[in-house]
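>>> Here is a sequence with its predicted model. Questions after.
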Amino acid sequence: MGRAGISLVVLGAWALLGCDEEQAAGQSAADAGGRACVESSLAAQCPEGTSAILGAQAVTACEGSVSGLVEDAVGQAAGQCYGAGSCRVVCRFAVPCRCGVAAITPDGVECASCDGAASCGNDVCEGGETPENCPVDCGAVCEPGETRCDGPTLESCDLRGRWERLACPEGEICSVDEGPAACVRDLDIIGGGDGGVTDGGPRPIDGRLVEGEGTWPPAESAAQDLPVLDNLDERVSLRLPLLTDGVNREDTPIARAMRRIGTGGRVRFWRYQALAGRFEGIGRTGRIHLDQAGSPIPWQVPVLGDYPPVTGEEACAGLDACGAGFDGCLAAAAETSPTYLACATFQLTEDCARLPDLPMLCPNVDDAELRRDAEAGVLRYPEGVEVDPSLPIRERLFDGLTVVDLAAEVVHRTTAPAPYSVVQARPRGDGEGGVAVATAGQDHVVLRWGLGDERAMAALPRAGEAPDLRAVRPDGQVVVLALNRSGDPALDGGLSVWNLAEGQWISSIRPPVGAQTIGTHVAWFSLDNRHLVFDVDGRLLEVWDLQAEQRTAILDYGDEAPPALVALAPNGRTLAIARQVEVTVQIDLFDLQAGGRLAGFSDRGRLLVQDLWSMAFTEDGNGLTIAGFTRDQELWLAVLGL
């Protein structure tokens, strides 16, 4: 992590929504009185082996559920709803239940038997049918990725080698005139020329883009000049047991290390640092390093016995010598431990840039804990700092308005203007700040801040419905919001783009005809500060150049399952999508500029991955790290590409 252009990991950690934690998990919906809900309590209701979906997506899914069961596009039971009102969670099953659910317990989900339900020869691969026992329904008939036209409708060959129909957006038809079959503008229906090339009048694009009064703020690209990864060859694959055996079920050393710094005993974000040749796991209260064989790399953490004796006065004198200020230090020193003072003095003599009230290498713990952590490869954050890694982008961890700089080992804190409390936060793609949604009763604002700001600046005040923050432009000047009950048809049901500096609405993108949602699973700004990529009903991606006001690409990954994980390379143009189709892990690479698929990876079910945890590019953009949890109680770490 020693070079300036390193790929940062931004972990957008959401501040928890309001209710008292003493409230029973089963009664977490309490917004009727103006209170929000504790997302951690909602998620805790999900059975083992399921994954929690929260927020607006959960509310929408639960509204269409039957007796709490959420069905997928083909009628399979895909999840269970809990909560009420706007306080909802969907516990998504790892594998949908085609014939319904027999039982749901804290230990997992039991699908109902499908004996007698499947019928070989009905042109549907289902109920235990395979290419071997029912080739007429499950056998391949085309090459994955191949496309063709059936009249005006586009057909694409999915990963099973079967044709599937993809309805073209309104105003487009399937055509092979300019190469492989694709949806193109139907000039007999849509007039006005290509989007972005008009006479200056209204510029609707396929009837889906609505212009507002705001302007597009200029910005330079934040993308790094790095090559495009064009392969997903499996270079490293580790399966690390988390239990010593199936009888005693004792934690292994790696499991114990994860338990010290991870929520629920799990460190759910991992990345491979190519320059250092090691894996790094980032947890709620610290991080851990493993070598390429999966063994912990001990930290060179000084312990109390390595320090000379120190008094509070000596520590404060060292602080004053660094120019950080003497006032208040003695009072703070009197309340801290000798270990803390020793760490402060040691770091001051080593590097005056490291403030003693933010030591990353010396948390306020006793000598024995320091030694145990060092041997296990665990480095904990300063006491009282917790983050929830969920949106990896760069080298800083975000939790509301608190930022942990992993490289500099410094904590930055920014406050929200009173009386607002942060309920949703996203980092900027350049790592220099973030954007958040904050509420005070029924009043809501969008906050914008940089790392050096003491107080965040508020914009876009609203009353009633809280906006759902979907994406942030890397420079933090533009945000994408989702609204459903604003009363403005130009804003509701789609994605609205806003200029934060001016506080103005720039434009909105509506779902295509026949689609229900956009940007629910994926909504991401490219590092060039102008392209937005989002999903349509979780089955394909659209790429829009918002500055030119036109769609530039449709990326089809097949609709067997929506994206579980998304990662954007530091070059700003390579997008990775990971999906879980039953027990098969499928990863696809796309080029956002060229609009095509670069490479794919499938484990073909051999790993029995139960839950995908994280995915991140290496700092040089030449590799992809994927992490997950297997049915054999193992941590799976893999590096693809390189």
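That came in fine, so what should we check first?

>>> Check which residues of the helix or strand Ala599 falls within are buried.
Using DSSP states H and E, Ala599 maps to strand 596-602. Neighbour-count burial for strand 596-602, counted by 16 or more other CB atoms under 10 Å, picks out Arg597, Leu598, Ala599, Gly600, Phe601, Ser602. C-beta: built from backbone N, CA, C; applies to glycine.

>>> So which of these is the closest to Val639?
For those, the residue nearest Val639 by CB to CB is Phe601; the value is 11.3 Å.

>>> so that closest one touches Gln586, yeah?
Yes. Contact status for Phe601 versus Gln586: in contact at 7.3 Å, counting by CB atoms under 8 Å.

>>> re earlier: ok, the helix or strand just after the strand holding Ala599: who's next to it in the sheet?
As assigned by DSSP H and E, the chain's next helix or strand after strand 596-602 is strand 609-617. Here strand 609-617 is paired, per DSSP bridges, with strand 623-630 (antiparallel).

>>> Can you get me the centre-to-centre distance for the partner strand and its chain?
Between the centre of strand 623-630 and the centre of its chain there are 14 Å (CA atoms, centre = their mean, to the nearest Å).

>>> Kindly report the same for stretch 574-594.
Per CA atoms, centre = their mean, the centroid offset for stretch 574-594 relative to its chain is 14 Å.

>>> what do you get for stretch 84-97?
Worked out by CA atoms, centre = their mean, stretch 84-97 lies 18 Å from the chain centre.

>>> Tell me the buried residues in it?
Ser86, Cys87, Arg88, Val89, Val90, Cys91, Arg92, Phe93, Ala94, Val95, Pro96, Cys97.

>>> hmm, which two among those are most spread apart?
Ser86 and Val95 (28.7 Å).

>>> what sits against Val404?
Going by CB atoms under 8 Å, 6 or more residues apart in numbering, Val404 touches Tyr381, Val385, Val387, Arg396, Leu397, Val410, Val411.

>>> Out of those residues, the closest to Val437 would be?
Val387 (18.1 Å).

>>> can you give me the strands for the stretch 51-200 of the chain?
Along the stretch 51-200 of the chain, the stretches classed as strands by DSSP state E, counting those that start in this stretch are 51-54, 69-71, 77-84, 87-97, 101-105, 108-111, 147-150, 153-157, 163-166, 172-175, 182-185.

>>> Show me what the mean pLDDT comes to for the longest one.
By that I understand strand 87-97. Mean pLDDT, computed over strand 87-97, is 86.

>>> picking that back up, distance to Pro562 and pLDDT added to the buried residues of strand 596-602, as JSON lines?
Compiled in JSON lines, the buried residues of strand 596-602 are given as follows (distance: CB to CB, whole Å; pLDDT from 0 to 100):
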{"residue": "Arg597", "distance to Pro562": "17", "pLDDT": "86"}
{"residue": "Leu598", "distance to Pro562": "20", "pLDDT": "90"}
{"residue": "Ala599", "distance to Pro562": "20", "pLDDT": "91"}
{"residue": "Gly600", "distance to Pro562": "17", "pLDDT": "90"}
{"residue": "Phe601", "distance to Pro562": "18", "pLDDT": "92"}
{"residue": "Ser602", "distance to Pro562": "17", "pLDDT": "90"}
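
>>> Low-confidence stretches in the stretch 351-500 of the chain?
Applying pLDDT under 70 to the stretch 351-500 of the chain flags residues 351-368, 370, 382-383, 390-395, 408-410.

>>> Recalculate using a threshold of 80.
351-374, 380-385, 387-400, 404-412, 452 (pLDDT under 80).

>>> doesn't Arg606 make contact with Val583?
No. Val583 lies out of contact with Arg606 (CB under 8 Å); the separation is 9.1 Å.

>>> ok, back up a step: now for the strand holding Ala599, which elements pack on it?
strand 584-591 (3 or more CB pairs under 8 Å, 6 or more residues apart in numbering; DSSP states H and E).

>>> Determine the set of other helices and strands touching the strand it packs on.
strand 574-581, strand 596-602, strand 609-617, strand 623-630.
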